[in-house]
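K.L.:
Build me a structure from this.
(one chain, ligands or ions: 1)
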Amino acid sequence: MMIRKILQKEDPALHKVCHPVTSFDRKLGALLDDLTATLKDAQGLGLAAPQIGILRRVCVVMDEDEQYLELVNPVIVSQEGEQEGFEGCLSLTGMYGIVKRPMKVTVKAQDRHGNPVEYEREGVTARCFCHEIEHLDGHMYYERAGRLFTEAEVDEMLQKAEEEA
Ligand SMILES: [Zn+2]
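P.N.:
Coordinates of the predicted model:
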């Protein structure tokens, strides 16, 4: 298991469509282990293979029970509702944007052995599923956000909202 370097937004690997996984071999297991180790080290909620330079349809998402969900060839099969909130990315550190996402999504994928898995999640984890799956198509959240905010600006906005509430 290795902590890998997380590529930043300018890197061409983040702007390409990733290939589906067809062999469920040791190499895939190692990729998933590296993604989880790198995600834990960065204290993020999700990490997709292209963020460490591997153009495969693979990502890892930490859900609200702090389980690390391994998703191979993930597809969103249904979505419900809407949420609007701040989103950030390990490939664009220190910046946040306001992005609309479904409130609840169901994702079908495969596990590291090729078995079908299905996850239904709401809120932050639903947001995270959408964000990571977008990475596999070479897209990043800022394409959907208006302007981006620094951490200090976000803190200020949240504090103001709290005072007004
Ligand atoms: Zn991201």
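
K.L.:
Longest helix of the protein, counting residues only.
P.N.:
Criterion DSSP state H: the longest helix present in the chain is helix 26-42.

K.L.:
and that helix, what does it pack onto?
P.N.:
On a contact count with 3 or more C-beta pairs under 8 Å, 6 or more residues apart in numbering; DSSP states H and E, helix 26-42 meets strand 46-48, strand 58-62, strand 68-80. Every residue, glycine included, has its C-beta placed from N, CA and C.

K.L.:
change it to 6 Å
P.N.:
In terms of contacts (3 or more C-beta pairs under 6 Å, 6 or more residues apart in numbering; DSSP states H and E), helix 26-42 is packed against strand 46-48, strand 58-62.

K.L.:
highest average neighbour count across the ones you listed?
P.N.:
Comparing the helices and strands packed on helix 26-42 by mean neighbour count (mean count of other C-beta atoms under 10 Å), strand 46-48 ranks first with a mean of 29.

K.L.:
Note down every partner strand of that one and its orientation.
P.N.:
Its sheet considered, strand 46-48 pairs with strand 58-62 (antiparallel) by DSSP bridges.

K.L.:
and the partner strand with helix 26-42, angle?
P.N.:
Counting by axes from the mean of the first three to the mean of the last three C-alpha atoms, to 10 degrees, strand 58-62 lies at 40 degrees to helix 26-42.

K.L.:
Could you tell me how far Thr150 is located from Phe86?
P.N.:
Computed with C-beta to C-beta, to the nearest Å, the distance linking Thr150 and Phe86 is 12 Å.
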